[in-house]
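Trainee: Using only what follows, build the 3D model:
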Amino acid sequence: MAKAFYYIGDSYGSVKKDSAYFNYLQAEKLYFKLSDFDNMARMLFNKAYVLFYDGNYTECEVEISKALHYLKESKDQRLIYSCNTLMGTCLEKLDNYDKALWYHQQALNNLEKMKLSGIDKDEENNYYIASSINICNLYDLKGEYSKSITKLQGLLSKDLEEKWPRLYANVLSNLAYSKMKNKEYDNVYGMFSKSLEILKKNGDESDILYKKIHIGEYFLTQKDTFRAIEILKEANILATRIKNSNEILTSLKLLYTLDKNKSFYYANEYINLSDSINVVQKNAHNKYARIEYETSRIEDENKVLTKKNFYILIISFALVFLLLIIVILRYSKYKNKELQFLKKQKSANEEIYLLLMEQHEKVNNAKENEKSKIAKELHDGIMNKIYGVRMNLGFFNSKCDEEIIQKRRTYIFELQNIENEIRTISHELSDTNFLDGNDFNTLLLSLVENQKDISNTQFKYLDNEDLNWTSIQNIYKINLYRIIQEAILNINKYANAKNCEIKFEIEGDRILKMTIVDDGGGFDANDKKNGIGLNNMKERVEFLKGSFRIESQIGAGTKIEVIFKI
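Mentor: Numbering: from 1, shown residues only. Below you'll find the predicted structure:
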């Protein structure tokens, strides 16, 4: 039975992943009962494989960890090699590069043990090159390109090219990519071209797709925009045809930065596809968890049914021998069953009541969260804009020349924009609509420029040219924009500052730091009665797992510091 479930799972393969996962789960449970831990670990590996290719890397890591636990005493080095390799690849997706390198090295150690058992030369070569490529990919991700170049150059040989052309092409392409990333452009295009020609004869479409994207990146480094766009469009069409979502996103992201005429189109396509992938992955995660739960529930129900059938069988035999006694006691037994039924019904009613109360509490919590979210949007966005328009209209109210009339019209138009934004918030709290089609630097400069006519404070925004806003997710930019809005409003209303400086810095590879410093009157930062504005700032930062700090003393100005790991 266990083997049958195993083979059924293999039959579904990538065609129907949830059915494959279900059958592997059934096989796993039966192998556990048989104490066949090698095959049980194999089923855990198969489940992890399904989870990995559905993008559920965290659950994949859990299943592989279980498999390796059961393989501690195993002699099946091929299976252990596969588990270590999948674990390394999974940890790479989770950005844990050092641990991923460790597991790929463990896989190579398993390969050494397989050699002692007389592994086939072709199989050994495939395993070794696959692990080496995985390790070099991690070197590239860590920026250690010279290590990757050295290792890949050692793999290239005439024998590899003649006997295993597809492996040779992949090694050659990876070497070209590492050299390109290390800014060693000599003969890089030739290596990419040769790799692509070999794969057109011996590889599959996925291999060809990756090479085309790498060639597009190469043209991008050479500032050959026309050829870069041309090859990336081919890659995008191929990725769409073979349904490779990750590479569709990669090609769209590159095309967005290159093709200025259609950047808005590619940006929209990227956002729509990214959102749909997130939804699919979330549903997939819930789906496999549900399979585990429903399987255990069915097993529990079957146990109960088996027990009930056993009791029924005993009662049936007893009825044969105790027919006369049952006739006498039938009425009392009937009454006893009626009482049991009433008791069960009462218990069921109590359970339903508790479930209804729990659901009611969840609905109330959701309503409260939605109210808090709407209040935050109104306070941080709409209130700031209305205050700015009110200050300007008040300033221009006493003047009637043509220029002032034109400015009033501008702010009346701004009131119409605020009306539209209120309507948008009432329909759905769309976090990204005000960023669509706008450069984030331009938005910040516009926000600061608008303060000149309404404030005595000289606001200054320092543009950091090293900061690539297009690579930062919209959720961070939205909340940074709202925090700056709130800070400007507080400075205009309370600080009486002469100067205010807004600055962004990049620390390391993934740390974004924003500081807002003014020379105003300051306040007691330790006062726990701070207003809703400061609390909203803090909540926005905590929501994104960032760090929020305020330094202020009365008469000594204020400094706000926000740090995100992006």
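
Trainee: Show me where the protein has its strands.
Mentor: Secondary structure of the chain (DSSP state E): strands located at 458-462, 499-507, 511-518, 547-552, 558-565.

Trainee: Quick one: the ones you listed as TSV, columns for mean neighbour count, mean pLDDT and distance to Trp469 too.
Mentor: For glycine as for every other residue, the C-beta is placed from the backbone atoms N, C-alpha and C. Formatted as TSV, those follow (neighbours: other Cβ atoms under 10 Å; pLDDT from 0 to 100; distance: least, Cβ to Cβ, whole Å):
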stretch	mean neighbour count	mean pLDDT	distance to Trp469
strand 458-462	15	90	13
strand 499-507	16	91	9
strand 511-518	19	93	10
strand 547-552	15	91	20
strand 558-565	19	92	13
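
Trainee: I'd like the ones you listed laid out as CSV, including distance to Asn490.
Mentor: CSV is the format used below for the strands of the chain (distance: least, Cβ to Cβ, whole Å):
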stretch, distance to Asn490
strand 458-462, 13
strand 499-507, 10
strand 511-518, 9
strand 547-552, 11
strand 558-565, 8
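
Trainee: To Tyr128, which of the ones you listed lies closest?
Mentor: Shortest distance between Tyr128 and the strands of the chain, using Cβ to Cβ, is found for strand 558-565: 36.1 Å.

Trainee: Tell me which other helices or strands the closest one touches.
Mentor: helix 474-490, strand 511-518, helix 532-543, strand 547-552 (3 or more Cβ pairs under 8 Å, 6 or more residues apart in numbering; DSSP states H and E).

Trainee: how about JSON lines for these, with distance to Lys17 added?
Mentor: Putting the helices and strands packed on strand 558-565 into JSON lines (distance: least, Cβ to Cβ, whole Å) gives the following:
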{"stretch": "helix 474-490", "distance to Lys17": "29"}
{"stretch": "strand 511-518", "distance to Lys17": "37"}
{"stretch": "helix 532-543", "distance to Lys17": "33"}
{"stretch": "strand 547-552", "distance to Lys17": "39"}
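
Trainee: rewinding a little: out of the strands of the chain, which is closest to Ile472?
Mentor: Nearest to Ile472, of the strands of the chain and by Cβ to Cβ, is strand 511-518 at 7.0 Å.

Trainee: Between strand 558-565 and that closest one, find me the angle.
Mentor: Orientation check (axes from the mean of the first three to the mean of the last three Cα atoms, to 10 degrees): strand 511-518 against strand 558-565 gives 170 degrees.

Trainee: List the neighbouring strands of strand 511-518 plus their orientation.
Mentor: strand 499-507 (antiparallel), strand 558-565 (antiparallel) (DSSP bridges).

Trainee: I'd like the ones you listed as CSV, with distance to Glu73 appended.
Mentor: Shown next, in CSV, are the strands paired with strand 511-518 (distance: least, Cβ to Cβ, whole Å):
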stretch, distance to Glu73
strand 499-507, 47
strand 558-565, 40
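
Trainee: Out of the ones you listed, flag the one nearest Met180.
Mentor: strand 499-507 (23.1 Å).

Trainee: what's the offset of that closest one from the middle of its chain?
Mentor: Centroid displacement of strand 499-507 relative to its chain, using Cα atoms, centre = their mean, to the nearest Å, is 28 Å.

Trainee: which residue packs closest to Ile242, ignoring adjacent ones?
Mentor: Nearest residue to Ile242, sequence neighbours excluded (Cβ to Cβ, 6 or more residues apart in numbering): Glu205, at 5.2 Å.

Trainee: What separation do you get for the one you found and Asp18?
Mentor: 25 Å (Cβ to Cβ, to the nearest Å).

Trainee: Glu230: how many residues sit nearby?
Mentor: Other residues within reach of Glu230 by the criterion other Cβ atoms under 10 Å amount to 13.

Trainee: how much space is there between it and Leu209?
Mentor: Glu230 is 15 Å from Leu209, by Cβ to Cβ.

Trainee: hmm, back to that, could you list every residue that touches the residue nearest to Ile242?
Mentor: 238, 241-242 (Cβ atoms under 8 Å, 6 or more residues apart in numbering).

Trainee: could you flag which of the residues you listed are buried?
Mentor: Among the contacts of Glu205, those classed as buried by 16 or more other Cβ atoms under 10 Å are Leu238.

Trainee: can you name the farthest residue from the center of this protein?
Mentor: Leu324 (70.8 Å; Cα atoms, centre = their mean).

Trainee: which residues does that one contact?
Mentor: Here Leu324 is in contact with no residue (Cβ under 8 Å, 6+ apart).

Trainee: What confidence value was assigned to it?
Mentor: Here, the pLDDT recorded for Leu324 equals 86.

Trainee: Then Gly381?
Mentor: Predicted confidence (pLDDT) for Gly381: 64.

Trainee: Kindly report the same for Asn417.
Mentor: pLDDT for Asn417: 68.

Trainee: Tell me where the model's unsure across the stretch 51-200 of the chain.
Mentor: By pLDDT under 70, the stretch 51-200 of the chain has no low-scoring segment.

Trainee: all helices of it, in order?
Mentor: Taking DSSP state H, counting those that start in this stretch, the helices of the stretch 51-200 of the chain run over residues 57-70, 77-93, 97-116, 121-141, 145-155, 158-163, 165-181, 188-202.

Trainee: Check the stretch 351-500 of the chain too.
Mentor: Under DSSP H, counting those that start in this stretch, the stretch 351-500 of the chain gives helices at 383-396, 402-427, 440-449, 474-490.

Trainee: count of residues packed around the closest residue in space to Leu254 that isn't next to it in sequence?
Mentor: Nearest residue to Leu254, sequence neighbours excluded (Cβ to Cβ, 6+ apart): Leu232, at 5.3 Å. Residues lying near Leu232 (other Cβ under 10 Å) number 26.

Trainee: Same check on Leu79?
Mentor: For Leu79, the count of nearby residues is 19 (other Cβ under 10 Å).

Trainee: what's near enough to touch it?
Mentor: Taking Cβ under 8 Å, 6+ apart, we find Leu79 in contact with 38, 41-42, 45, 71.

Trainee: What subset of the residues you listed is buried?
Mentor: Here, 16+ other Cβ under 10 Å leaves 38, 41-42, 45, 71 buried among those.

Trainee: do you know which of the strands paired with strand 511-518 lies nearest Glu351?
Mentor: Short answer: strand 558-565, nearest of the strands paired with strand 511-518 by Cβ to Cβ, at 44.4 Å.

Trainee: would TSV of the buried ones among the contacts of Leu79 with distance to Asp224 be doable?
Mentor: Listed next are the buried ones among the contacts of Leu79 as TSV, based on distance: Cβ to Cβ, whole Å:
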residue	distance to Asp224
Asp38	53
Ala41	50
Arg42	49
Phe45	44
Leu71	50
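
Trainee: what's the closest of these to Tyr7?
Mentor: Nearest to Tyr7 among the buried ones among the contacts of Leu79 is Arg42, at 12.2 Å by Cβ to Cβ.

Trainee: residues touching that closest one, list them.
Mentor: Residues counted as contacts of Arg42 (Cβ under 8 Å, 6+ apart) are 6, 67, 79.

Trainee: Repeat that for Ala235.
Mentor: 209, 212-213, 216, 247, 251.

Trainee: can you check Ile135 too?
Mentor: With Cβ under 8 Å, 6+ apart, Ile135 has these contacts: 101, 104-105, 151.

Trainee: what's near enough to touch the residue lying closest to Ile472 once chain neighbours are set aside?
Mentor: In space, and not counting its chain neighbours, Ile472 is closest to Ile566: 5.6 Å by Cβ to Cβ, 6+ apart. Contact analysis of Ile566 by Cβ under 8 Å, 6+ apart lists 472-473, 476, 510-512.

Trainee: So Ile566 versus Phe5, what's the distance?
Mentor: Ile566 is 44 Å from Phe5, by Cβ to Cβ.

Trainee: Same check on Phe413?
Mentor: For Phe413, the distance to Phe5 equals 67 Å [Cβ to Cβ].
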